[in-house]
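J.: Quick one, what's the 3D model for this:
(one chain, ligands or ions: 2)
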Amino acid sequence: MGGTATVTKGEAIYEGKAKIIHATSSPDLLIQYFKDDATAFNGKKKGTIQDKGVCNNAISSHIFGLLEKEGVKTHFVSRLSDREMLVKKVSIIPIEVVMRNVVAGSLSTRMGIPEGEQLKEPVLEFYYKNDDLGDPMINRYHISAFNLATDEEVVTIEKEAFRINKWLLSFFDRMGIRLVDYKLEFGRSPEGVLLADEISPDGCRLWDKTTGEKMDKDRFRRDLGMLTEVYEEMKRRVLAAK
Ligand code: ADP
Ligand code: UDP
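T.: Ligands and ions are numbered 1, 2, ... in the order given. Predicted coordinates for the structure are as follows:
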């Protein structure tokens, strides 16, 4: 690619709930700017978590860098500053991939099983990424019938999601964290399907193995307090891990 050291930040092309996407002087690169804004329940609950953006950028950058070393193809290029990540531009596949290892959240409600029950094998779910519709759950047949992704892309996404899960489970376990569930996004690029967006406490359920304490955005969703403290603690643990 070349010349990434000289990339300059251009105009904001999209502002989402947690990040702002900027164009850059290179047509195939973007900058993700991580905000402190927090939302839950499809944007109905709004707030800010001081320094969340700094923590999420550091955590995501570290994890994406390590996943790349494991051979996972991601959009990550480099961490430019406290709140900015340089990424390869992709066309986001409008599917949210949720991977679950432990029953929690909507799975607990849907199946009538209490939160905390270990699943005997990971469960992968697809949701249609559409805020207006509240991200409804879909399956492979919907993906095919509505042309959200090709069969080949779905195969790649599933294969990569299980590989990422295996690695993430062990990664978080080593720092005393139970990886309950999380959301992944993938995008199309000239290099093929890449893991995109972020992996941070905003999109993961992370429970302390010793205390059971929630170390993620559920603290915001459920008004548990200690928000910045928990994001800072996750940043500290993630950055110390390899
Ligand atoms: P949302 O759109 O759900 O409010 P964010 O505030 O996190 O989410 O905004 C980031 C947006 O950028 C998301 O829509 C995400 O799908 C998109 N995105 C993430 N990585 C890339 C990338 N490499 N190229 C293009 N878009 C991306
Ligand atoms: N998730 C996410 N964004 C979404 C939906 C879910 O990051 O739009 C994450 C969420 O943080 C959790 C996992 O995906 O780690 C599973 O979420 P669930 O389906 O249980 O939804 P919830 O009950 O949190 O609304």
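J.: Would you mind listing the buried residues in stretch 150-161?
T.: For stretch 150-161, the buried set under the neighbour-count rule, 16 or more other C-beta atoms under 10 Å, comprises Glu153, Val154, Thr156, Ile157, Glu160, Ala161. Every C-beta, even on glycine, is put in place using the N, C-alpha and C of the backbone.
J.: Tell me if it is near ligand 2.
T.: No. Stretch 150-161 lies apart from ligand 2 when judged by C-beta under 6 Å from any ligand atom; the minimum separation is 12.3 Å.
J.: what's the pLDDT at Ile49?
T.: Residue-level confidence at Ile49 comes out at 98, pLDDT.
J.: For it, give me its contacts.
T.: Asp36, Ala38, Phe220, Leu227, Thr228, Tyr231 (C-beta atoms under 8 Å, 6 or more residues apart in numbering).
J.: Please determine how far the residue lying closest to it once chain neighbours are set aside is located from ligand 1.
T.: The shortest distance from Ile49 to any non-neighbouring residue, by C-beta to C-beta, 6 or more residues apart in numbering, is to Leu227 (4.4 Å). Per C-beta to the nearest ligand atom, to the nearest Å, Leu227 is found 18 Å from ligand 1.
J.: cool, and Asp132?
T.: In terms of C-beta to the nearest ligand atom, Asp132 sits 12 Å off from ligand 1.
J.: Check the gap between that residue and ligand 2 for me.
T.: Per C-beta to the nearest ligand atom, Asp132 is found 13 Å from ligand 2.
J.: Just the element for the residue nearest to Trp207 when sequence neighbours are not counted, please.
T.: Leaving aside its sequence neighbours, Trp207 sits nearest to Arg178 (C-beta to C-beta, 6+ apart; 4.4 Å). Element membership of Arg178 [criterion: DSSP states H and E] is strand 177-189.
J.: I'd say Arg83 and Phe34 touch.
T.: Yes. Shown here, Arg83 and Phe34 form a contact pair, counting by C-beta atoms under 8 Å, at 4.9 Å.
J.: Find the residues that touch each one of these two.
T.: Residues within reach of Arg83 and of Phe34 at once, by C-beta under 8 Å, 6+ apart, are Gly53, Val54, Asn57.
J.: if you look at those residues, which of them are in helices?
T.: The helices, defined by DSSP state H, take in Gly53, Val54, Asn57 from these.
J.: returning to what we had before: give me the more crowded residue out of Arg83 and Phe34.
T.: Shown here are Arg83 and Phe34; by other C-beta atoms under 10 Å, Phe34 has more neighbours (26 against 20).
J.: Among the contacts of Ile49, name the ones in helices.
T.: Applying DSSP H to the contacts of Ile49, the entries found in helices are Phe220, Leu227, Thr228, Tyr231.
J.: between the buried residues of stretch 150-161, which is closest to ligand 1?
T.: In terms of C-beta to the nearest ligand atom, no member of those lies closer to ligand 1 than Ile157, at 14.1 Å.
J.: Assign that closest one to helix, strand or coil.
T.: Classification of Ile157 using DSSP: H, G, I helix; E, B strand; the rest coil returns helix.
J.: Excluding covalently adjacent residues, which one is nearest to it?
T.: Per C-beta to C-beta, 6+ apart, closest to Ile157 is Phe186, 5.3 Å.
J.: again, but for Arg221
T.: Ala40 (4.3 Å).
J.: Is the one you found bridged to anything, and to what?
T.: Beta bridges link Ala40 to Lys45 when assigned by DSSP bridges.
J.: and the gap between it and Met111?
T.: Going from Ala40 to Met111 by C-beta to C-beta, to the nearest Å gives 21 Å.
J.: what does Leu29 give?
T.: Relative to Met111, and taking C-beta to C-beta, Leu29 is found at 42 Å.
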